Each structure stands twice: as C-alpha cells, then as structure tokens.
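Visitor: return atomic coordinates for the entry below.
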Amino acid sequence: MPATRAPRVPAEERLFSLVLALLSTEAGLTKAEILANVQGYRQRYTSGGDNASLERQFERDKDDVRDLGIPLETIETPGAAGNNQTLRYRIPKGEYDLPLDVRFTPDESALLSLAAMAWREGALSTDSRRALLKVRSAGADDGGTTTAQGVAGMAAYSPRLRARDTAFEPLRSALDRGAAVRFDYITPGEHAPRRRDLAPLALVQHGGRWMLAAHEFSTGGTKNYLLSRIVGPVSVHQVGQHPAPAGAAERALTELDRVWAERTARIAVVPGSDAERRLQRRRGTEVDDDGVLVVHHVDPQILAEELAAFGPEVRVLEPAAVRELVVARLRALVADHAEAGRAGAADAGRSDADADQATDADQTADAGGTRA
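Guide: Purely as a prediction, here's the structure:
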C-alpha cells in the first residue's frame, strides 16, 4: 500500500508554530526536537530516517524568522562547540514581548486574527507579518486576552482572500524594497505584449481584481495595471531608489472609485437568468423603470469580457463602445469554434481515408496478397 502523503501546512502556520515553540522554552530546542514536535515539521519527520529536505526547510525558516526581526538565538552545548546537531534554539521572551501598555481585548484579537487569516499566501507585507506573529504569539493573560489556540480555532469560520496572480508576490516585494520593476504586459486589443518599466506605487484590489498603481518611466505618468494581464516574470532592479510615497494606495483607490462612479453601462438582461442575478448583485447596480440594469465599471474591456460570458442572456444598450467590445468577443468565439470545426472535419476525413486504406489491406490479405 502506498504511503499516505502528509497534509500540507501553510508556511505562515509553520512559522507561527516555530516561533511559539521557541518562545515557550528557556533552555532552547535542538533541531531534532523541533522537527519531531513542531507543527509543520512533525508531519513530515521520519524518526531515524532521511530528513535532509526537512532540515533545509528549517534552515530557510530560521532565516525568514530573523528577517522578520524576531530575535532567534542559538546556544551551544558545553563540550560540543561547532556541532550543529546539538545547537539549541530559542527566542528570549523578554526581548519579544509586547510593551506592557499594549493589550488587546478578546474582540480586538479576534478581528486581528480574522484579518490575518484572510490574507494568506504571502499577501501580507514584511512589517505586517512581523506584527501578526508578535500579536499571535502573545498568548493569554489574566485580562482575558484571546489565546493563540483560541484564535486558531476560529480558522474554520475565517474568510480566505487569495492572491492568485503570480505577479503579486514579486510586486509586493518590490514595494517593500522601494525597487523598480520590469515586465511584459498585454494591452487589450493587442496580440503581443509590450515591455513596461515602472516604479510601483501601490497594490490595490478594486472590483475583485488586483491592480498595480505605478509611475511609468517612459511617459512620466501614473497608470493602473491589471495583474492578470502581466505575462512572464517580474524582474526587480534599482532596489531602494524608488520608495512609494505615503498614501499612494488611498489615492489610487480614490481615483479608481471616481472612474467607477462616472462610467456606467445600460444592459438588458433575460428575466430570471444567471446574468440578471449576478449583475444585480454588483456594487452600485441600479434598475431603471424599463427593467434595464445600470452597471458601474472601471475598465470597458473587463466589463466586456464579463458580459460576453453570459452570451444571449445580455444585450448592451449603451455605451456603443462597450457593445462593440462584447460583439467583437462573441464573433471571435464563433470564429474559434468554426476553425475547430474545420479542423475536426479534416481529421474525420483523414480517419475515413485511413479506414478505407485499412479495408483495402484486409481485402488484399484475404485474397492471399501481400504488401511491403
């Protein structure tokens, strides 16, 4: 019977468990004790077996913990100087405790935890992750502060916001480091991507999509870039030379909200259809006296992509530009299917020819003939 694969423990949960374990020991823990007992390692640990990959994971996690500003100490065992296997690790609690005048009520701790649980997959900045680990590792006190275990128990009820765009993490890292970035970007209506050189200002989510507000070096202007349109890797350079100004995210969201409020489209929908249900639930959607939906949007291209997916359930009345974009997408879809149909017919023709050839061969063989 094949071995059961150990369940994957999220990186932030593994780091939190490591910090909590090292805070809880005065004498420190050896690498073997950590790997065998700490959540995130013990699931993959093999007693007496090969744990080389797990040890490398622990070495990377140590660096991550220190990069977060957490004072992780190493203590050598007397008489075994230089032996990495007997080194003991700990986090001095007095150097990592919250200030005495900083305390959170149970409700405040719960809200902090739920916010952090929502932002998984590395979406938090370095400073935010450092603060989160400190708050979560504070534990309980006599005042009733929510414990780490109690917070963890709320995970089943927490939301999840996932940064699925692969460009998100390198862009967030570039913002943290005040760096410039370079990537290829597909502009709607164009078939080939173009190279962009930018100084990131803010990463914001608007209308359920992640966008990068950035200063474009070639034009000297500020533009918004949809992360889903970035193709290929994001390269980072000129580290420390382009720090984002304070309040950039708020200004970007304010501008996006202004554009959203100004741009509307009037859409007729089939009563009771999926399009009617979904579009009516969009933020700010109104229904006029004729039953037509008035939908707000930021990017006509994005709206056209969404509307085209509803097919005959929607009809764009205005503006004409959005209607033309939807029609163009539907025509392209029909053309793709027609091309696929022609290719399928050609394949079928070849299959018929192959079948005829096979029949000829069978008949020849039955007649006692042979073919080379």
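
Visitor: output the below-cut-off pLDDT ranges for the stretch 201-350 of the chain.
Guide: Counting by pLDDT under 70, the low-confidence segments of the stretch 201-350 of the chain come to 340-350.

Visitor: where do the helices sit along it?
Guide: If you assign secondary structure with DSSP state H, counting those that start in this stretch, the helices in the stretch 201-350 of the chain sit at 248-262, 274-280, 300-308, 320-366.

Visitor: who touches the second one?
Guide: By that I understand helix 274-280. Residues lying outside helix 274-280 but in contact with it, judged by CB atoms under 8 Å, 6 or more residues apart in numbering, are 267, 269, 270, 285, 287, 293, 295, 307, 310, 313, 314. For the C-beta atoms, the positions are set from N, CA and C on the backbone; glycine is no exception.

Visitor: please dump those into CSV; it should also carry neighbour count for every row.
Guide: As requested, the contacts of helix 274-280 are arranged in CSV below (neighbours: other CB atoms under 10 Å):
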residue, neighbour count
267, 25
269, 23
270, 14
285, 15
287, 13
293, 21
295, 24
307, 26
310, 19
313, 19
314, 22
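
Visitor: which one of those is nearest to residue 213?
Guide: For these, the closest approach to residue 213 (CB to CB) belongs to residue 295, at 23.7 Å.

Visitor: which strand residues bridge that closest one?
Guide: residue 265 (DSSP bridges).

Visitor: surely it and residue 265 touch.
Guide: Yes. The pair residue 295 and residue 265 qualifies as a contact (CB atoms under 8 Å) at a distance of 5.1 Å.

Visitor: shared neighbours, the two?
Guide: Listed as contacting both residue 295 and residue 265 by CB under 8 Å, 6+ apart are residue 303.

Visitor: state which strand of this structure is the longest.
Guide: If each strand of the chain is counted by residues according to DSSP state E, the longest one is strand 194-206.

Visitor: may I see the buried residues of that one?
Guide: Buried residues in strand 194-206, defined by neighbour count with 16 or more other CB atoms under 10 Å: 196, 197, 198, 199, 200, 201, 202, 203, 204, 206.

Visitor: got a list of what the closest residue to residue 266 other than its chain neighbours touches?
Guide: Using CB to CB, 6 or more residues apart in numbering and skipping the chain neighbours, the partner closest in space to residue 266 is residue 317 (4.4 Å). When the contact criterion is CB under 8 Å, 6+ apart, the partners of residue 317 are 266, 267, 268, 292, 323.

Visitor: so where's the stretch 51-200 of the chain uncertain?
Guide: Within the stretch 51-200 of the chain, the set of residues satisfying pLDDT under 70 comprises 79-83, 95-104, 109-164, 189.

Visitor: for it, what spans make up the helices?
Guide: Secondary structure of the stretch 51-200 of the chain (DSSP H, counting those that start in this stretch): helices at 52-67, 93-96, 106-118, 126-136, 148-152, 168-177.

Visitor: if I read this right, residue 40 contacts residue 17, doesn't it?
Guide: Yes. At 5.4 Å, residue 40 and residue 17 qualify as touching, with contact defined as CB under 8 Å.

Visitor: still on that earlier bit, can you select the buried ones from the contacts of residue 317 in ChimeraX?
Guide: In ChimeraX, this line selects whichever of the contacts of residue 317 come out buried by 16+ other CB under 10 Å:
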select :266,267,292,323
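
Visitor: what is the most widely separated pair among the contacts of residue 317?
Guide: Going by CB to CB, the two entries of the contacts of residue 317 that are most distant from one another are 292 and 323, at 13.3 Å.

Visitor: from memory residue 25 sits against residue 90, does it?
Guide: Yes. Here residue 25 lies in contact with residue 90, judged by CB under 8 Å, at a distance of 5.4 Å.

Visitor: okay, these two: which has more neighbours?
Guide: Each of residue 25 and residue 90 has its neighbours counted (other CB atoms under 10 Å); residue 90 has more, 19 against 15.

Visitor: distance-wise, check the more buried one relative to residue 55.
Guide: Here the criterion is CB to CB, to the nearest Å. By it, residue 90 lies 18 Å from residue 55.

Visitor: ok, now residue 263?
Guide: Residue 263 sits 55 Å away from residue 55 when distances are taken as CB to CB.

Visitor: just checking, what packs against the helix or strand hosting residue 33?
Guide: Here residue 33, judged by DSSP states H and E, is contained in helix 31-37. Judged by 3 or more CB pairs under 8 Å, 6 or more residues apart in numbering; DSSP states H and E, helix 31-37 is in contact with helix 11-23, helix 52-67.
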